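J.: structure here, sequence nowhere to be found:
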């Protein structure tokens, strides 16, 4: 309960809740799109740089390799695990099941960044190499979702434009690129730019989450495709996937903060990279549906409850192990 209270009373989460409340009462509060995009670029560059610097300081080790393998497997397999539930319980067709499943196999950068910030403020430090795991988990789920959607053989699985979107979308390029820069410059090279990328990080995250709260609630209010059954699934998926992620992290020997971070990654759902790929490859899928589930339901759940829950779970499982 203490962790839940600390999370709910942290500045980033309170700004997110402020955005939710403002949208719920239909306030005209808005963050200009260009500013929101700039904040997104800043956050991804900052988290990538800091992760690369930490790995440069600690060195590449076996834990990084095991975490990468675990992350890739989770991203690739989660869509196949949840697609049957989407079809049977959620009553979705094959195309929409594949599109939604791809979102839940991929990851939310903002959820990971928020969790890392909240954990770090309490001395619960996530390993820097998890930034690389985050970047690697964005794309396998897209391919798995397409396999599910096109299992009937209609349409080619891949094309040049889709491959480019999957492997060279902006978030993957910026995360991996800034991670590589941090790895190359190390702590000494990061010191001159740290005032920009460290001191202002939490403030920018607060404003970005304000915007996310506005968008999430407005998405829920606008869509008509979100049934009660799908809302239940959008809450169950992060619980189950996050638990599997924490268990996998503990099993491969990650410390509690890093296992919790793997749980957060497994529990999160993409609302940036995957929608772009789905619009290109599965235009017949209902965009309002998969965005309402991932951004309107799962994202708020993870920000408010998932972050303290998976920390508690990692600590308890780690203590038993």
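T.: Thanks, I have it. Quick caveat: nothing in here was measured; it's all calculated off a predicted structure.
J.: show me the shaky parts of the stretch 151-300 of the chain.
T.: Counting by pLDDT under 70, the ranges of the stretch 151-300 of the chain that qualify are 151-159, 162, 165-166.
J.: at 80 what do you get?
T.: 151-172, 224-225, 272-273, 276, 280-281 (pLDDT under 80).
J.: centroid residue for the protein?
T.: residue 108 (1.6 Å; C-alpha atoms, centre = their mean).
J.: what sits against the residue nearest to it when sequence neighbours are not counted?
T.: Among residues not flanking residue 108 along the chain, residue 268 sits closest, at 3.7 Å (C-beta to C-beta, 6 or more residues apart in numbering). No exception for glycine: its C-beta is placed from N, CA and C like everyone else's. For residue 268, the contacting residues are 107-108, 111-112, 238, 298-299, 302, 306, by C-beta atoms under 8 Å, 6 or more residues apart in numbering.
J.: put the buried members of these into a ChimeraX selection.
T.: Buried residues among the contacts of residue 268 (16 or more other C-beta atoms under 10 Å), as a ChimeraX selection:
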select :107,108,111,112,238,298,299,302,306
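J.: closest one to residue 273 out of the contacts of residue 268, please.
T.: Distances from residue 273 to those, taken as C-beta to C-beta, are shortest for residue 107 (8.6 Å).
J.: helix, strand, or coil at that closest one?
T.: Of the three states, residue 107 takes coil under DSSP: H, G, I helix; E, B strand; the rest coil.
J.: that one is in contact with residue 265, isn't it?
T.: Yes: the pair residue 107 and residue 265 passes the contact test of C-beta atoms under 8 Å, sitting 4.9 Å apart.
J.: now residue 200: how far from residue 15?
T.: According to C-beta to C-beta, to the nearest Å, residue 200 stands 15 Å off from residue 15.
J.: higher neighbour count, these two?
T.: Between residue 200 and residue 15, counted using other C-beta atoms under 10 Å, the more crowded position is residue 15 (20 against 12).
J.: so the more buried one makes contact with residue 212?
T.: No: when contacts are counted by C-beta under 8 Å, residue 15 is not listed as touching residue 212 (9.0 Å).
J.: got the phi/psi numbers for residue 126?
T.: The phi/psi pair for residue 126 (degrees, to the nearest 10) reads phi -80, psi 140.
J.: quickly find the element holding the closest residue to it other than its chain neighbours.
T.: The shortest distance from residue 126 to any non-neighbouring residue, by C-beta to C-beta, 6+ apart, is to residue 261 (4.4 Å). Assessed by DSSP states H and E, residue 261 sits inside helix 256-267.
J.: hang on, the earlier thing: any idea how far the residue nearest to the centre of the chain lies from residue 39?
T.: Taking C-beta to C-beta, one finds residue 108 at 15 Å from residue 39.
J.: residues near residue 65, how many?
T.: Counted by other C-beta under 10 Å, the residues lying close to residue 65 total 12.
J.: which residues are in contact with it?
T.: Counting by C-beta under 8 Å, 6+ apart, residue 65 has no contacts.
J.: next, the buried residues of the helix or strand hosting it.
T.: Using DSSP H and E, the element containing residue 65 is helix 62-88. For helix 62-88, the neighbour count (16+ other C-beta under 10 Å) marks 63-64, 66-68, 70-71, 74-76, 78-79, 81-83, 85-87 as buried.
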